[in-house]
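Undergrad: need a structure here:
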Amino acid sequence: MVVVGCFSAKRKDFTPLVDAAAAELTARGARVVAQSVRRRGVSAGGAKKMRLPYCSRTLMSYGQVREGAATREETRPDAVVFLTPLTERQRRVLTGTFARPAISLTDVRGRSDDPGRIR
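TA: Prediction:
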């Protein structure tokens, strides 16, 4: 699994959130091969866009999606798990983009019949 957290630059406590998600997935039997943090509003261009919503299709910029696809190529995960809940449309678009199932952490928590395993 690749764990992806998308955060505003205003949020400073993102590292423990991503680490906790990776630990939870590992405890459920997943093999976490990478963690990725996408922050919005860090660069001058991004700061200007802070009041605009994230891309409704991908939650990320085009460049961030490309970086995520490169990480997927290098690590070959079974899935990409987002800390942010995904809409059906986002799930479809991101699954197609990454050529791996894109799911949210809330999906993992809700789907597991066996609390110790990810399906």
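Undergrad: contacts, neighbours, all on C-alpha from now
TA: Fine.
Undergrad: Now residue 103, what are its backbone angles?
TA: The phi/psi pair for residue 103 (degrees, to the nearest 10) reads phi -140, psi 170.
Undergrad: and if you look at residue 37?
TA: phi -120, psi 130.
Undergrad: Which residues does it form beta bridges with?
TA: residue 5 (DSSP bridges).
Undergrad: Could you pull up the contacting residues of it?
TA: Contacts here follow CA atoms under 8 Å, 6 or more residues apart in numbering; on that basis residue 37 touches 4, 5, 6, 7, 18.
Undergrad: could you pull out the helices for this structure?
TA: 14-27, 44-48, 62-75, 88-98, 105-111 (DSSP state H).
Undergrad: lowest average confidence, helix or strand, in this protein?
TA: helix 44-48 (a mean of 54; mean pLDDT, DSSP states H and E).
Undergrad: okay but residue 36 is in contact with residue 14, surely?
TA: No: contact criterion CA atoms under 8 Å: residue 36 and residue 14 do not qualify, at 10.8 Å.
Undergrad: Pull up the overlap in contacts between the two.
TA: Common neighbours of residue 36 and residue 14 (CA under 8 Å, 6+ apart) are residue 5.
Undergrad: where does the protein dip in pLDDT?
TA: Low-confidence segments of the chain (pLDDT under 70): 40-62, 111-119.
Undergrad: make it 90
TA: 4-14, 36-76, 84-87, 90, 94, 97-98, 107-119 (pLDDT under 90).
Undergrad: Quick check: chain neighbours aside, which residue is closest to residue 32?
TA: Closest residue in space to residue 32, ignoring its immediate chain neighbours: residue 1 at 4.6 Å, by CA to CA, 6 or more residues apart in numbering.
Undergrad: how many other residues sit next to that neighbour?
TA: Close neighbours of residue 1, defined as other CA atoms under 10 Å, add up to 23.
Undergrad: who are the neighbours in contact with it?
TA: Residue 1 sits in contact with 30, 31, 32, 33, 34, 77, 78, 79, 80, 81, where contact means CA under 8 Å, 6+ apart.
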